[in-house]
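Engineer: pasting the sequence and the predicted coordinates here, then a few questions.
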Amino acid sequence: MSSIMKIENLQAKIGDKQILKGLNLELEPGKVHAIMGPNGAGKSTLSKALVGHYDIEVLGGDILYKGKSIVEMEAEERALEGIFLSFQHPVEIPGVNNAYFLRTALNAKRKHEGKEELNAAEFLRLMRDHLEMLGMKSDMISRSLNEGFSGGEKKRNEILQMLILEPEVIILDEIDSGLDIDALRAVSEGINKMKDGKRTFLVITHYSRILDYIEPDYIHVLKDGRIIKTAGPELVPYLEEHGYDGIEEE
Amino acid sequence: MNLLALKNKNRQEVAELLSVKERNLLAERFVSLGLPSKKSEEYRYFDVEKLLDKEYKTLNYVPKTPKVSEKIEIVDGVVVAAPQGMRVYYESCQQIDMIHFDPIYYLGHLLSPQTIKIELDGDVEVEIEHKYTQSDTLINYRIVLYNQANRHATVYENFISEDIKDTLVLYGYDMHIAQDSTLRVVKMQNMQNNHYAMIASHKVNVAKNANAILKSFDLGGDHALQLLKVELAERAHVDAGHLLYLNTNSKRGTVSQIVHVGEHSTSKQEAKNILDGEARGIFDALIRVEHSAKFTKAEQNSKAILLHDKAYMASKPQLEIYIDELEASHGATTGQLDGKQLFYLQSRGISYVEARKMLVIAFANTLIEEVKDTRQQERIKATFEKVFYKNA
């Protein structure tokens, strides 16, 4: 397998506590990888480590993206290179207009890729179709970023950003948490729209519910800071029935 | 004139030094409060003595017939232009607050026996432009402002200066907001390069069922202090908002007293302070609820963002309450930009520098967007961004 992202013996801590303890994982291009694991296994720490969150201190190992180490890269550089994290709890930023934020982010990416920046009218045209598909009201883009949004609206807004920015590696951290059935369906539709055989997904989840909507190619079980098992989607019903305790490290 | 010469003088000596006659009560109030110094509570964080201890030129304030203009133009304390039909004239001030907390309020009145009186008729919207053209000068003037009952008037206040230096401006309003009316005052002051310093001392009377909406946008550098006393009658309301963006080694801010006198009066005061360089911001604000002001609602909040480790915010929100039947809250926070918000923007490919600018502008925007007039709002936004980007 030629991987788009290769995580080698990654060790990382938050504060004084080491969470990732030699994690190895390879992401195959165009595939959906699901990371499942019990509470405290290190799932969110992994997602933060991949995007360069300031909470994380990498103690050892490496993260290779397209063959290049990104451990020393700033968060914005990783984003410009095509790595996207959909946050479990997106922050509210009063006073920053949602549309202005998205256009700034998109134009930063276009500039990075040597493309011309989009003006406001071009950008709004681009947004319109995505909004409709996600069932988002048009006034949501003129409001402050995530301010006063419901849990479902925040997650839809994350997916809207993903659709606009068109990243290559998409990390979805507990994307289904706090979503009702309709919101889950809309969010999944947005994600599935991006499944074009080229983009790679890393779906981080507690429960298998989201995997009914986004079909995974691989299931990785994360426990105590390491991937202890990798298998196909057939592992999901087993985990549903037996939980994580019965899984032995391979 | 050196204002420090008024220090520790008695009433007669003050009257002689200022060449004022028959204003004994004002002189007495001034003497009893004393010339401000670094020991005065209201001026504690502001280097007032440095401004007072200087030999200033003085001006003769000769009233002129104002030319017709779209706005009221006041140049070096004299009205030179006003909109046609608007009543702008000189008169001695009839209603001076004899229990104001600020000695400069009384000094201003002593130095300005004739005040500029502006009567706002109907639902009028007017711009007042203050212009300063003289260096090393003490410019002092006061404005008395009346609006009409049951009407909604708006005043936009702006300040400009020529290429002057080291002038001190003492000015202020006595505003009388009539019953069942609304007066909205939006002040924008962008100061740079030590052209002038300012002490503005105001008194605002808000009559029964009236609304005072007072928004100030103080940007840039230099030294300026606004001292504000607001008195609320029955069911009167004040909504005060102060945006402060300071750079270099400036010292600016607001010292205020909102006094609830009437029952069911309400107040909301919000300060947002952004401090860069070695700037010092001041928000020293008291809400006092008198025995007569049952069922008051009062809310006060100050937030400060320090963009530099040498920036300093003096926040002092205070409540002084003499009754039990009320709702009141106050608070102050000072910190840096929110790390989670910064990271969120960066995680979408926005650079650290750009993300920081977006968050600062967002912090300010929540107050700027309260200015209802879109044109004025855009003008304040543009000025803020210009001043901020120049420094960022």
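Structural biologist: Thanks, I have it.
Engineer: and the helices in chain A, which stretches?
Structural biologist: Assigned by DSSP state H, the helices in chain A fall at A:43-51, A:75-80, A:98-112, A:120-134, A:151-165, A:181-194, A:235-242.
Engineer: mind checking which of those helices is nearest residue A:15?
Structural biologist: Of all the helices of chain A, helix A:43-51 sits nearest to residue A:15, with 11.2 Å by C-beta to C-beta. To be clear about C-beta, it is placed using only N, CA and C from the backbone, and glycine gets the same treatment.
Engineer: would you mind putting the helices of chain A into a markdown table with mean pLDDT and mean neighbour count alongside?
Structural biologist: As requested, the helices of chain A are arranged in a markdown table below (pLDDT from 0 to 100; neighbours: other C-beta atoms under 10 Å in any protein chain shown):
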| stretch | mean pLDDT | mean neighbour count |
| --- | --- | --- |
| helix A:43-51 | 96 | 24 |
| helix A:75-80 | 97 | 23 |
| helix A:98-112 | 95 | 20 |
| helix A:120-134 | 85 | 14 |
| helix A:151-165 | 90 | 21 |
| helix A:181-194 | 84 | 17 |
| helix A:235-242 | 87 | 13 |
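Engineer: nearest to residue B:187, of those?
Structural biologist: helix A:98-112 (26.9 Å).
Engineer: residues touching the closest one, excluding its own?
Structural biologist: A:76, A:79-80, A:93, A:116-118, A:120, A:123-124, A:127, A:140-146, A:157, A:160-161, A:164-165, B:345, B:348-351, B:354, B:358 (C-beta atoms under 8 Å, 6 or more residues apart in numbering or on different chains).
Engineer: repeat that for stretch B:70-80.
Structural biologist: B:59, B:61-64, B:66-67, B:81-83, B:86, B:88, B:112, B:116, B:118, B:126-134, B:137, B:139-141, B:143, B:171.
Engineer: and the residues you listed, which are buried?
Structural biologist: Among the contacts of stretch B:70-80, those classed as buried by 16 or more other C-beta atoms under 10 Å in any protein chain shown are B:61, B:66, B:81-82, B:86, B:88, B:112, B:116, B:118, B:126-130, B:132, B:134, B:137, B:139-141, B:143, B:171.
Engineer: show the backbone phi and psi for residue B:365.
Structural biologist: phi -60, psi -30 (degrees, to the nearest 10).
Engineer: contacting residues around it?
Structural biologist: A:95, B:381.
Engineer: in the stretch 251-392 of chain B, which spans are strands?
Structural biologist: Taking DSSP state E, counting those that start in this stretch as the criterion, the stretch 251-392 of chain B contains strands spanning B:251-260, B:266-275, B:280-289, B:296-306, B:312-321, B:326-335.
Engineer: JSON lines for the helices of chain A, including distance to residue A:8?
Structural biologist: Formatted as JSON lines, the helices of chain A follow (distance: least, C-beta to C-beta, whole Å):
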{"stretch": "helix A:43-51", "distance to residue A:8": "12"}
{"stretch": "helix A:75-80", "distance to residue A:8": "17"}
{"stretch": "helix A:98-112", "distance to residue A:8": "26"}
{"stretch": "helix A:120-134", "distance to residue A:8": "36"}
{"stretch": "helix A:151-165", "distance to residue A:8": "27"}
{"stretch": "helix A:181-194", "distance to residue A:8": "27"}
{"stretch": "helix A:235-242", "distance to residue A:8": "23"}
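Engineer: out of those helices, the one nearest residue B:306 is which?
Structural biologist: helix A:75-80 (23.0 Å).
Engineer: what helices and strands are in contact with that closest one?
Structural biologist: Contacts defined by 3 or more C-beta pairs under 8 Å, 6 or more residues apart in numbering or on different chains; DSSP states H and E place helix A:75-80 against helix A:43-51, helix A:98-112, helix B:339-346.
Engineer: tabulate these (a markdown table), appending distance to residue B:313.
Structural biologist: A markdown table is the format used below for the helices and strands packed on helix A:75-80 (distance: least, C-beta to C-beta, whole Å):
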| stretch | distance to residue B:313 |
| --- | --- |
| helix A:43-51 | 32 |
| helix A:98-112 | 27 |
| helix B:339-346 | 19 |
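Engineer: which one of those lies closest to residue B:42?
Structural biologist: Taking these one by one with C-beta to C-beta, helix B:339-346 is closest: 35.1 Å.
Engineer: in that closest one, what counts as buried?
Structural biologist: Quick answer for helix B:339-346 (16+ other C-beta under 10 Å): B:340, B:341, B:342, B:343, B:344, B:345, B:346.
Engineer: now do it: distance to the chain's middle.
Structural biologist: Chain-centre distance of helix B:339-346: 34 Å, with C-alpha atoms, centre = their mean, to the nearest Å.
Engineer: with stretch A:62-71 instead?
Structural biologist: Stretch A:62-71 has its C-alpha centroid displaced from the chain centroid by 17 Å (C-alpha atoms, centre = their mean).
Engineer: what residues does the nearest residue to residue A:167 once chain neighbours are set aside make contact with?
Structural biologist: Once flanking residues are discounted, residue A:167 sits nearest to residue A:84: 3.5 Å by C-beta to C-beta, 6 or more residues apart in numbering or on different chains. Residue A:84 sits next to A:161, A:162, A:165, A:167, A:169, A:170, A:171, B:347 when contact means C-beta under 8 Å, 6+ apart.
Engineer: widest-spaced pair of those residues?
Structural biologist: Greatest spatial distance among these (C-beta to C-beta): A:161 and A:169, at 14.5 Å.
Engineer: quick one: low-confidence residue ranges for the stretch 51-200 of chain B.
Structural biologist: For the stretch 51-200 of chain B, applying pLDDT under 70 flags no range at all.
Engineer: would you map the helices across it?
Structural biologist: Applying DSSP state H, counting those that start in this stretch to the stretch 51-200 of chain B gives helices spanning B:103-111.
Engineer: any chance you could map the strands in it?
Structural biologist: B:67-68, B:72-75, B:78-82, B:87-91, B:115-120, B:125-132, B:138-147, B:152-161, B:167-177, B:182-191, B:196-206.
Engineer: of these, which is nearest residue B:381?
Structural biologist: Among the strands of the stretch 51-200 of chain B, the nearest to residue B:381 by C-beta to C-beta is strand B:182-191 (10.6 Å).
Engineer: outside of the closest one, which residues touch it?
Structural biologist: By C-beta under 8 Å, 6+ apart, the residues outside strand B:182-191 that reach it are B:120, B:145, B:147, B:151-159, B:175, B:177, B:198, B:210-222, B:224, B:250, B:252, B:371-372, B:376, B:379-380, B:383, B:387.
Engineer: and the residues you listed, which are buried?
Structural biologist: The neighbour-count test (16+ other C-beta under 10 Å) marks B:120, B:145, B:147, B:151-159, B:175, B:177, B:198, B:210-222, B:224, B:250, B:252, B:371, B:376, B:379-380, B:383, B:387 as buried among the contacts of strand B:182-191.
Engineer: so which bits of chain A are right by chain B?
Structural biologist: Within reach of chain B by C-beta under 8 Å from any C-beta of the partner chain, chain A has these residues: A:51, A:53-54, A:74-76, A:79-80, A:84-85, A:87, A:90-91, A:93-96, A:101, A:104-105, A:108-109, A:112, A:144, A:161, A:165.
Engineer: how is chain B partitioned into domains?
Structural biologist: Domain assignment for chain B, taken from automatic domain parsing, gives B:3-262+B:271-278, B:338-392.
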